[in-house]
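# what would the 3D arrangement of this be:
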Amino acid sequence: MGDFKEAKNSFKHGLEIDPDNAMLRESIAKLDSLNAEEIPSAQDKELAIASSTAGVKHVQKGKLKKAMAAFKTAIQLDPTSAGIW
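Take a look at the predicted model:
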């Protein structure tokens, strides 16, 4: 459960920086609504990390739309991961 708290705190910190960020608000809402059956699997967590890594590479290449799509996918796969943020 510590991962959920860390993720939520990271998302809230993100909202302090960007209060209009809808993805952060959705992620917080998703964390609040999760139950045991919805906790991401190990495979989803691995895919989320890969997607987040791809997002970073897209940012480095200046491909911001592709980066945002990759980050959004990562969050959808594992909304509990503070590491994505």
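# could you say which helix or strand holds the spatially most central residue of the chain?
Against the mean C-alpha coordinate of the chain, by CA atoms, centre = their mean, the closest residue is Ile75 at 3.1 Å. Per DSSP states H and E: Ile75 is located in helix 64-77.
# which helices and strands does that helix pack with?
Judged by 3 or more CB pairs under 8 Å, 6 or more residues apart in numbering; DSSP states H and E, helix 64-77 is in contact with helix 22-33, helix 42-60. C-beta coordinates here come from the backbone N, C-alpha and C atoms, glycine included.
# can you show me the CA trace of the first one as CSV?
To tie it back to what came earlier, the one meant is helix 22-33. C-alpha atoms of helix 22-33 as CSV (Å, rounded to 0.1, in the frame of the first residue of the first chain):
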residue,chain,number,x,y,z
ALA,A,22,-6.4,16.6,-16.0
MET,A,23,-4.2,13.5,-16.2
LEU,A,24,-3.0,14.1,-12.7
ARG,A,25,-6.5,14.6,-11.4
GLU,A,26,-7.6,11.4,-13.2
SER,A,27,-4.7,9.5,-11.7
ILE,A,28,-5.6,10.6,-8.2
ALA,A,29,-9.2,9.6,-8.7
LYS,A,30,-8.2,6.2,-10.1
LEU,A,31,-6.0,5.6,-7.0
ASP,A,32,-8.9,6.6,-4.8
SER,A,33,-11.1,4.1,-6.5
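# for that helix, what does the pLDDT average out to?
Per-residue pLDDT over helix 22-33 has a mean of 84.
# packing partners for it?
Applying 3+ CB pairs under 8 Å, 6+ apart, we find helix 22-33 packed against helix 2-17, helix 64-77.
# chain center to it: distance?
Its chain's C-alpha centre and that of helix 22-33 lie 9 Å apart, by CA atoms, centre = their mean, to the nearest Å.
# the residue nearest to Thr80 when sequence neighbours are not counted and Arg25, how far apart?
Once flanking residues are discounted, Thr80 sits nearest to Ala7: 4.8 Å by CB to CB, 6 or more residues apart in numbering. Distance of Ala7 to Arg25, given as CB to CB, to the nearest Å: 14 Å.
# ok, the two, which is more surrounded?
A count of neighbours by other CB atoms under 10 Å puts Ala7 above the other of Ala7 and Arg25, at 23 against 14.
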